[in-house]
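Engineer: One predicted model, sequence on top.
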Amino acid sequence: MKRETKKEIPSAKDHSFAVITATFHEDITKKLHLAAINCLKSANATSVIEYFVPGAFELPLASQWVGQTHAVDAIIALGCVIQGETPHFDYVCAESAKGLCQVGLSINKPVIFGVLTTHNIEQALARCDENTENKGLEAAITAIEMVLLQKKIKKLA
């Protein structure tokens, strides 16, 4: 089932975010990165810190470092892994997903998995296009929604 990205972006006022982007497949990840940054800026995020890592496998460790050293409300991890002829794809996808999940649980903050895992370049390009289906935009909206949810839950506690 396809999830539609909301057309209205929630407010990120008074919240800080980090966007960590893998540079492997830079022609794709740059578009994800710009969509996420533009979304956070248009949502009036208080601050947006940007970092770059070589590939998707490095995203969890960089996210942990950022989460431990910066007062951010959420981290958005962006990357792209395209399936090749070897099982390398499976390992990179699984370990980056698992690692980012573990980081989020360990720092108790949203760490959003914005890594494209596609069979081919065409699928990756379709997911970074400048439209509402851009997965960088979707990751940024998800980060804002999670920060607002955490704030609501804390308020009710």
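Structural biologist: That came in fine, so what should we check first?
Engineer: name the helices or strands packed onto the lengthiest helix in the chain?
Structural biologist: Identified as the longest helix of the chain according to DSSP state H is helix 135-156. If you count contacts as 3 or more CB pairs under 8 Å, 6 or more residues apart in numbering; DSSP states H and E, helix 135-156 packs onto strand 16-22, helix 26-42, strand 74-82, strand 111-118. The C-beta positions use only the backbone N, C-alpha and C, and glycine is treated the same way.
Engineer: again, only using 7 Å
Structural biologist: The contact analysis (3 or more CB pairs under 7 Å, 6 or more residues apart in numbering; DSSP states H and E) places helix 135-156 against helix 26-42, strand 74-82, strand 111-118.
Engineer: Single out the most deeply packed of these.
Structural biologist: strand 74-82 (a mean of 27; mean count of other CB atoms under 10 Å).
Engineer: residues in contact with the longest helix of the chain?
Structural biologist: Helix 135-156 has contacts (CB atoms under 7 Å, 6 or more residues apart in numbering) with 5-6, 9-10, 12, 15, 17, 31-33, 35-36, 39-40, 43, 73-74, 76, 78, 110, 112, 114, 116, 127-128.
Engineer: If we use 6 Å, what do you get?
Structural biologist: Outside helix 135-156, the residues that touch it by CB atoms under 6 Å, 6 or more residues apart in numbering are 5, 10, 12, 15, 17, 32, 35-36, 39-40, 43, 73-74, 76, 78, 110, 112, 114, 116, 127.
Engineer: coming back round to it: wait, which of the helices and strands packed on helix 135-156 is closest to residue 57?
Structural biologist: Of all the helices and strands packed on helix 135-156, strand 74-82 sits nearest to residue 57, with 8.7 Å by CB to CB.
Engineer: Which neighbouring elements make contact with that closest one?
Structural biologist: Other helices and strands packing on strand 74-82, by 3 or more CB pairs under 6 Å, 6 or more residues apart in numbering; DSSP states H and E, are strand 16-22, helix 26-42, helix 59-69, helix 88-107, strand 111-118, helix 135-156.
Engineer: That one: partners in the sheet, and parallel or antiparallel?
Structural biologist: Applying DSSP bridges to the sheet, strand 74-82 is found paired with strand 16-22 (parallel), strand 111-118 (parallel).
Engineer: Using PDB, write out every CA atom in it.
Structural biologist: Taking C-alpha atoms only, strand 74-82 is exported to PDB below (Å, rounded to 0.1, in the frame of the first residue of the first chain):
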ATOM      1  CA  ALA A  74      15.200  14.300  15.800                       C
ATOM      2  CA  ILE A  75      17.600  13.000  13.300                       C
ATOM      3  CA  ILE A  76      16.900  12.300   9.700                       C
ATOM      4  CA  ALA A  77      19.200   9.800   8.000                       C
ATOM      5  CA  LEU A  78      19.100   9.900   4.200                       C
ATOM      6  CA  GLY A  79      20.800   7.600   1.700                       C
ATOM      7  CA  CYS A  80      20.400   5.300  -1.300                       C
ATOM      8  CA  VAL A  81      21.300   1.700  -1.800                       C
ATOM      9  CA  ILE A  82      20.700   0.200  -5.200                       C
END
